[in-house]
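Participant: Here is my input; please provide its structure:
(2 chains)
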Amino acid sequence: NAGVTQTPKFQVLKTGQSMTLQCAQDMNHNSMYWYRQDPGMGLRLIYYSASEGTTDKGEVPNGYNVSRLNKREFSLRLESAAPSQTSVYFCASTLRNIQYFGAGTRLSVL
Amino acid sequence: AQTVTQSQPEMSVQEAETVTLSCTYDTSESDYYLFWYKQPPSRQMILVIRQEAYKQQNATENRFSVNFQKAAKSFSLKISDSQLGDAAMYFCAYISSGTYKYIFGTGTRLKVLA
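Facilitator: The predicted structure is shown next:
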């Protein structure tokens, strides 16, 4: 009963490098989300996917792309990482308005 | 636009005492949901309690209860008999019914003193 699984848990990148954060849920939820958490700013929505095949921008989408590969998986890609993208990233899925979160990915961009 | 405000960046409480965390929100909607999430040092976000706006009765989960004042747009969390394991960041969150975007507050760090 894994819930929401994020990989990797930690990552260090150099400016300009690219990477993809992976997220998978095994609860058959339709909606999935990507957030970033910065000190003093709570969680800010990057992108969300209301259902398989659809994605929409959130509050801070610049510099990110997403793919809803299937109902289970929702990935977040940084094409050219910047120091401003240093943050903790959370994936979540939703059922009946309750969000279930992954354990987060701590990303540092040097 | 909807907003969620947590005006207390940090709170402290003695073990076994009661503490109340504040949250206010701004919306023109009448049907929505409010949440409190706990984030311990492990970083995992955990749902503490949920309130449907159409319900007048305040939600309760064991030692956790809310004071939901719809007219005042206030949603405070009361933790009774505080335990060391309650030490965490607490986030208030809002979503309007039928939509997909959650709005989170900036969080309140709760310290529990032995």
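Participant: Please settle this for me: is B:Tyr33 part of a strand?
Facilitator: Yes: per DSSP: H, G, I helix; E, B strand; the rest coil, B:Tyr33 lies within a strand segment.
Participant: Distance of it relative to chain A?
Facilitator: 5 Å (CB to the nearest CB, to the nearest Å). Placement of C-beta: from N, CA and C, glycine included.
Participant: buried sites along the one helix or strand A:Phe74 maps to?
Facilitator: Assigned by DSSP states H and E, A:Phe74 falls within strand A:74-78. Buried residues in strand A:74-78, counted by 16 or more other CB atoms under 10 Å in any protein chain shown: A:Phe74, A:Ser75, A:Leu76, A:Leu78.
Participant: Briefly note if that strand comes near chain B.
Facilitator: No: using CB under 8 Å from any CB of the partner chain, strand A:74-78 never reaches chain B; the gap is at least 13.1 Å.
Participant: can you list the residues that contact that strand?
Facilitator: A:13, A:18-24, A:32-34, A:46-47, A:49, A:63-69, A:85, A:89, A:91 (CB atoms under 8 Å, 6 or more residues apart in numbering or on different chains).
Participant: try 6 Å
Facilitator: Applying CB atoms under 6 Å, 6 or more residues apart in numbering or on different chains, the external contacts of strand A:74-78 come out as A:19-23, A:32, A:34, A:49, A:64-68.
Participant: And stretch A:41-61, by the same measure?
Facilitator: With contact meaning CB under 6 Å, 6+ apart, stretch A:41-61 is reached by A:30-37, A:64, A:66, A:68, A:71, A:74, B:100, B:104-107.
Participant: Just the buried ones among these, please.
Facilitator: Taking 16+ other CB under 10 Å as the criterion, what is buried in these is A:31-37, A:64, A:66, A:68, A:71, A:74, B:100, B:104-107.
Participant: between the contacts of strand A:74-78, which is nearest chain B?
Facilitator: The shortest approach to chain B among the contacts of strand A:74-78 belongs to A:Ser49, at 8.9 Å (CB to the nearest CB).
Participant: Take the buried ones among the contacts of stretch A:41-61 and keep only those in helices.
Facilitator: Residues of the buried ones among the contacts of stretch A:41-61 located in helices (DSSP state H): none.
Participant: From the residues you listed, which land in strands?
Facilitator: Among those, DSSP state E puts A:Ser31, A:Met32, A:Tyr33, A:Trp34, A:Tyr35, A:Arg36, A:Gln37, A:Tyr64, A:Val66, A:Arg68, A:Phe74, B:Phe104 in strands.
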